Structure formats: structure tokens, C-alpha cells
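> Predicted model and sequence below, questions to follow.
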Amino acid sequence: MDFGDLYTAYNELKAKLEKEGLFDTKYKKLIPYMPKRVGVLTSKTGSVIRDIINVSTRRNPNVYIRLYPVPVQGEGAGEKIAKAIKIMNEKNLADVIIVARGGGSLEDLWPFNEEVVARAIFESRLPVISAVGHETDFTIADFVADLRAPTPSAAAELAVPEISKIEDCIRNYQDRFRLALRKKLDYMKLQYEKCMQARCYKEPLEAINERYVNVDMLVKIMIDSTNKKEILAKKDFEGVITKLDALSPLKTLLRGYSIAKKDGKVVRSVKDLHKDDEISIRFTDGEVKGTIKEI
């Protein structure tokens, strides 16, 4: 195929896959922040794998680089790249996959424009970084991948965090934690000293003694109030007794009067009496009975 035919096929496939949603950002998987294993699909010879290893080792020597050699150009390369992606997933050989090759013509990069590779990247459970060609080269794999890197070295930088920066960040967090803890301890110490200066801690019995004094005062007030009420009640009672005594018929009897009764009722008029009526007469020192002889 000449350049024109390749370019036409490229655009047709790109439009087809875009319509199906393979380029949609909602399907993009996050690249793990601290991968332990980075799978690299590229040629086992050449500068690509050396650049990835050099960059990864410099940034974090603890990350294991697993090379899965595949042909990166020529007939049948696309099927082998797609198969390698599936094997990486089936055997869980990495935490993130880098699909990479150096620059070249559209024909050289064509395996990464094949539909089989695009669908293998889309169906990959493991996140995939595409680093194919130079920064100005765009392949179908770049659009389908979870992340595009302009160069293989940049892909290594995106996949492997720089351990020295992480260590600096951890030290910074440790310093901030120590400072926060020191401030917290100082604040708690200040609160403790403030509490110990409080009156209830310095003289705990004084407040109780004050309460005792208040209770004694309240008891005295209650007793005085009760006594006053008792005196007033006694005076009221004596007044009532005096009034009752003044109205008592016994007082009248003491002055020489007597009370006549007939059938238990006081005789108020001579008209209430008849001859031979039985009556009783009450004196101050006793009572006599008699019969009416004459009216």
C-alpha cells in the first residue's frame, strides 16, 4: 500500500473506532501511582528498551521492568502485539503496560494503526501507555490507550514515579506531623496548667465550706421564718379564744344569771312554758330540775 492508501485506511479506522467509543475518556483507566512491575512491549534490541530501563532505574530502582519482546513493524506485527497484550493480562505480568517503539514512517508505524491492536488495548484490564514514534506522530494506539506519551523515555517517566521526590514528600509529611504533634502537646500542657491553677484544684475544700455556710444560713432563715409563723399563729389563736370566751354563756352565768331549759332547749320567754312543765336550770356551779307550778 502506498502512503495515500495507508492514510485513507488510517482515517477510516480512526473514524470507525471513534464512533464506537473506543477513544472515549470515560473508559480511560488510571495509571497506578506506585507500580511494582512495568511491562514493556517493544523490540528486544534497540534504544527504546534501553531508554525505558535507564529512566526507570534512575527514577526508582525498585520497579521491575518486564520486557515482552514483540516485532514493532512488518507484516504480522500487529497480531503479535495484540497477543502479547492479552497474555500480559491473562497472566497478570505487570501493573501497567507500555507499548513502545521509536520513530518512523507511517508504514513503519502501521502495526500500531491496526484494528486488532486497538481492540486489544481497549479490552486490556491493565492500564496501557502508548509511546509510539516521535512527539508529532499519532497512531490509533495513542487514541485508544489510557495515556499517551510523546516518547518511550517520557512513558517511563509517566509510569515510574521518582522515588527521591516521594521520599522528600514523606519527610515533609513527617516534619509537618511532628510540628503538629508538638503544637498539640504544647496546647494540652497549657490547658493542663490552666486547669491546675483553677480554684477548684488549688483549694478544693473551700467551695465545699462555702456551701456549708450557705446551707447554715438557709437553715437559720427557715427556723426564724418558722418561729415567726408560729408566734403569729399563736397570737391569732389566742385572739380567737378570747373572742369565744367573751361570747361564752358561762361568762354570763358567772355574773349571777342562769339558763332555763325545757326539753333540752333554752327557754327564751315565759310564753314557752306551761303549768307542770319539766324544766332544768343551769347555774355556774351546777344544775337543778323543777316543775312549773304557776305562771
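Cool, the structure landed. Numbering: from 1, shown residues only.
> which stretches of the stretch 101-250 of the chain have low pLDDT?
For the stretch 101-250 of the chain, applying pLDDT under 70 flags the ranges 246-250.
> one more time with 50
Nowhere does the stretch 101-250 of the chain drop to pLDDT under 50.
> Return the set of buried residues in stretch 272-279.
Across stretch 272-279, burial judged by 16 or more other C-beta atoms under 10 Å covers residue 279. For glycine as for every other residue, the C-beta is placed from the backbone atoms N, C-alpha and C.
> Likewise for stretch 5-17?
Those would be 6, 10, 14, 17, for stretch 5-17 by 16+ other C-beta under 10 Å.
> Just the CA atoms of it, as CSV, please.
C-alpha atoms of stretch 5-17 as CSV (Å, rounded to 0.1, in the frame of the first residue of the first chain):
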residue,chain,number,x,y,z
ASP,A,5,-3.9,4.3,0.7
LEU,A,6,-2.4,4.0,4.2
TYR,A,7,-3.5,7.5,5.2
THR,A,8,-7.1,6.7,3.9
ALA,A,9,-7.2,3.5,5.8
TYR,A,10,-5.9,5.3,8.9
ASN,A,11,-8.6,7.9,8.8
GLU,A,12,-11.4,5.3,8.1
LEU,A,13,-10.4,3.1,11.0
LYS,A,14,-10.0,6.2,13.3
ALA,A,15,-13.5,7.4,12.4
LYS,A,16,-14.9,3.9,12.9
LEU,A,17,-13.4,3.3,16.3
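> Dump the buried residues of stretch 5-17 to JSON lines, plus distance to residue 158, secondary structure and pLDDT.
Putting the buried residues of stretch 5-17 into JSON lines (distance: C-beta to C-beta, whole Å; DSSP: H, G, I helix; E, B strand; the rest coil; pLDDT from 0 to 100) gives the following:
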{"residue": "6", "distance to residue 158": "28", "secondary structure": "helix", "pLDDT": "82"}
{"residue": "10", "distance to residue 158": "25", "secondary structure": "helix", "pLDDT": "86"}
{"residue": "14", "distance to residue 158": "23", "secondary structure": "helix", "pLDDT": "90"}
{"residue": "17", "distance to residue 158": "23", "secondary structure": "helix", "pLDDT": "92"}
